[in-house]
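# give me a model of this one.
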Amino acid sequence: MKFSRTTLEGLWLIELELREDERGFLARTYCENEFAALGLNTRWPQCNLTRTNTRGMLRGMHFQAEPKPEIKLIRCCAGAIFDVLVDVRRGSPTFGRWEGFELTGENRRTLYVPGGFAHGFQCLADGCEVFYQMSEFYVLEFARGLRWNDPQVNIKWPVANPMLSVRDQNLPLLSALA
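Sure thing, here's the model as predicted:
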């Protein structure tokens, strides 16, 4: 695996190193030793899979608050998504900044997302599946969100007029997060 730092502290882009032959390829998608050597989380008690049906649909921006912030490994298994992370860690030098990545079933990229980041994505194709490994169990009372179109954050979504759930449309602005 190739680990690359991003512009947001603690956020990593991970690319697979394929070992190919005439049959196809083999690639390691996770190695506890490699993650531990970089000081990254190695405990993943919960995994989730989402399917989002239509290009332009948007999920997010979600996170789990203290004392149970979720560290996530995020990968697009089918289709293509524009994946966005926003640093919502009070006191962080990059608080309120965002970064976006194209994750596809073909490029097989994975994002390592530290706790304290809001996460969302927009489908760039129909039938997108996204696989998550989580460092914490989901706890409803700590579930939080950030509005996808917060003007303070100013995320540049690639598909205009996205479709969202009612819940996601009504998430609070960054300025309202405690």
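# then stretch 168-178 to CSV, C-alphas only?
Extracted in CSV, the C-alpha atoms of stretch 168-178 (Å, rounded to 0.1, in the frame of the first residue of the first chain):
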residue,chain,number,x,y,z
ASP,A,168,-29.3,15.8,5.4
GLN,A,169,-30.9,18.9,3.9
ASN,A,170,-31.6,20.2,7.5
LEU,A,171,-28.2,19.6,9.2
PRO,A,172,-26.8,22.6,11.0
LEU,A,173,-24.2,25.0,9.7
LEU,A,174,-20.6,24.8,10.9
SER,A,175,-21.1,27.9,13.0
ALA,A,176,-23.8,26.1,15.0
LEU,A,177,-21.6,23.1,15.9
ALA,A,178,-20.8,23.1,19.6
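# show me how far that stretch is from its chain's centre.
Mean C-alpha position of stretch 168-178 versus that of the full chain (CA atoms, centre = their mean, to the nearest Å) differs by 18 Å.
# pull out the buried positions in it.
Neighbour-count burial for stretch 168-178, counted by 16 or more other CB atoms under 10 Å, picks out 168, 171, 174, 177. Just so you know, the C-beta spots here come from the backbone N, C-alpha and C atoms, and that holds for glycine as well.
# Three-state assignment for F35, please.
helix (DSSP: H, G, I helix; E, B strand; the rest coil).
# any chance of CSV for the buried residues of stretch 168-178, columns pLDDT, distance to W12 and secondary structure?
Formatted as CSV, the buried residues of stretch 168-178 follow (pLDDT from 0 to 100; distance: CB to CB, whole Å; DSSP: H, G, I helix; E, B strand; the rest coil):
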residue, pLDDT, distance to W12, secondary structure
D168, 97, 26, helix
L171, 97, 26, coil
L174, 95, 23, helix
L177, 83, 24, coil
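# could I get those as JSON lines with distance to Q152?
Below are the buried residues of stretch 168-178 laid out as JSON lines (distance: CB to CB, whole Å):
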{"residue": "D168", "distance to Q152": "17"}
{"residue": "L171", "distance to Q152": "13"}
{"residue": "L174", "distance to Q152": "5"}
{"residue": "L177", "distance to Q152": "11"}
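# between those, which is nearest R144?
When the buried residues of stretch 168-178 are ranked by distance to R144 (CB to CB), L177 comes first, at 7.1 Å.
# I figured the closest one was touching V88, is that so?
Yes: counting by CB atoms under 8 Å, L177 does reach V88; the two are 6.0 Å apart.
# identify the contacts common to these two.
Common neighbours of L177 and V88 are listed as L146 (criterion: CB atoms under 8 Å, 6 or more residues apart in numbering).
# identify the residues contacting the residue lying farthest from the centre of the chain.
In the chain, the residue that sits farthest from the middle, by CA atoms, centre = their mean, is E22; the gap is 33.1 Å. Contacts for E22 (CB under 8 Å, 6+ apart) come out as none.
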